[in-house]
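S.K.: Here is my input; please provide its structure:
(2 chains)
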Amino acid sequence: DAGITQSPRHKVTETGTPVTLRCHQTENHRYMYWYRQDPGHGLRLIHYSYGVKDTDKGEVSDGYSVSRSKTEDFLLTLESATSSQTSVYFCAISAREGGGEQFFGPGTRLTVL
Amino acid sequence: GENVEQHPSTLSVQEGDSAVIKCTYSDSASNYFPWYKQELGKRPQLIIDIRSNVGEKKDQRIAVTLNKTAKHFSLHITETQPEDSAVYFCAPYNNNDMRFGAGTRLTVKP
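M.R.: Residues are numbered from 1 along each chain as shown, chains lettered A, B, ... in the order given. Sure thing, here's the model as predicted:
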C-alpha cells in the first residue's frame, strides 16, 4: 500500500461535538481527497486539495471543512457532528493532474450518537 | 454534476465464468475512466483504467471497454476466481470531479 495513514481508525462521538480526522502521506503527492462511504452510495467526495493551502469543495461538502498546511497532512473537520455524518471516511492521494490512480488510506469509521 | 449508474448492482457467477459490469455516465467531458475493487473491510484499489482516446484496454483476465458516443464503459472479467469476489466501482473523471458509481457486488461461487 502507498504510504498513506489515517487517524483515528475508529471514533465514537456525540452529536454536537467537533471531530477532526487526519490523513498523512509519505509519497509527496500533490492531490489529496476526503470521501465518505455509505451503503448504496459508493464513495462521495467531500473536499479535495491540489496543493498546500489550496482546497475545494466536492459533492457533499456541507458540514465539513478541511485544511492543508503541509504537503503530507490533510485534515477533515466536522465542526458540530450530526448522526447523518456517521460513515466510513477514506482519504486518498494522487500524483497526477487530469485524472490518475488514487491511492486510498485504510479508512476511519466514525459513529455519531 | 456527473450522474453515474452501474449495472447490475449484484452479480453472481460460477467460478470460471465471465462477468461484465457496465457504467453509464452523463458528462460528455469525462476523460478518465477507472475501475476500483474493494474487498470486504478493505480500502478501494485501482484494478484497471482507460483514457478517452483509447477504446479498450486489457490486463490479463480483466479488460475495460469505452464507448464515448454512448457514454458508457464496461469492466470485463474472464475466468473468474473466488478471489474476484468483491465490490467493484466505476469512477468517471472530469476536472477533479470524480464521481463513483454505487458499486456492483460480485460473488464468484466455487
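
S.K.: now chain B, which segments are flagged as low pLDDT?
M.R.: Applying pLDDT under 70 to chain B flags residues B:96.

S.K.: redo that, cut-off 80
M.R.: Low-confidence segments of chain B (pLDDT under 80): B:1-2, B:95-97.

S.K.: Same check on chain A?
M.R.: A:1-2, A:40, A:96-99.

S.K.: Would you mind listing what in it touches chain B?
M.R.: With Cβ under 8 Å from any Cβ of the partner chain as the criterion, chain A comes near chain B at residues A:1, A:31, A:35, A:40-45, A:48, A:50, A:56, A:58-59, A:90, A:98-102, A:104-107. Glycine gets a C-beta too; all of them are placed from N, C-alpha and C.

S.K.: go with 7 Å
M.R.: Neighbours of chain B within chain A, by Cβ under 7 Å from any Cβ of the partner chain: A:40-43, A:45, A:48, A:59, A:90, A:99, A:101, A:104-107.

S.K.: In chain B, which residue sits closest to chain A?
M.R.: Closest residue of chain B to chain A, Cβ to the nearest Cβ: B:Y32 (2.9 Å).

S.K.: and B:P82, backbone torsions?
M.R.: Phi and psi for B:P82, reported as degrees, to the nearest 10, are phi -50, psi -30.

S.K.: Over to B:A86?
M.R.: The phi/psi pair for B:A86 (degrees, to the nearest 10) is phi -180, psi -180.

S.K.: how close does the nearest residue to A:L113 once chain neighbours are set aside sit to chain B?
M.R.: For A:L113, ignoring the flanking residues on the chain, the nearest one in space by Cβ to Cβ, 6 or more residues apart in numbering or on different chains is A:E14 at 5.4 Å. Separation of A:E14 from chain B (Cβ to the nearest Cβ, to the nearest Å): 26 Å.

S.K.: My guess is A:E14 contacts A:T111. True?
M.R.: No: using Cβ atoms under 7 Å, A:E14 makes no contact with A:T111, being 9.9 Å away.

S.K.: neighbour count winner among those two?
M.R.: A:T111 (14 against 11; other Cβ atoms under 10 Å in any protein chain shown).

S.K.: how about B:Q60, what does it touch?
M.R.: Contact analysis of B:Q60 by Cβ atoms under 7 Å, 6 or more residues apart in numbering or on different chains lists nothing.

S.K.: Run a quick neighbour tally on B:L40.
M.R.: B:L40, neighbours per other Cβ under 10 Å, totals 8.

S.K.: give me the element it is part of.
M.R.: Using DSSP states H and E, B:L40 falls within no helix or strand.

S.K.: tell me the contacts of the closest residue in space to it that isn't next to it in sequence?
M.R.: Nearest non-adjacent residue to B:L40, counting by Cβ to Cβ, 6+ apart: B:A86, 7.5 Å away. Applying Cβ under 7 Å, 6+ apart to B:A86 gives the contacts B:37-39, B:106.

S.K.: Kindly report the same for A:E97.
M.R.: Contacts of A:E97 (Cβ under 7 Å, 6+ apart): none.

S.K.: quick one: it is in a helix?
M.R.: No: counting by DSSP: H, G, I helix; E, B strand; the rest coil, A:E97 is not found in a helix; it is coil.

S.K.: Leaving out chain neighbours, which residue sits closest to A:C23?
M.R.: Going by Cβ to Cβ, 6+ apart, A:C23 has A:C91 as its nearest residue, at 3.3 Å.

S.K.: With that, I have no additional questions.
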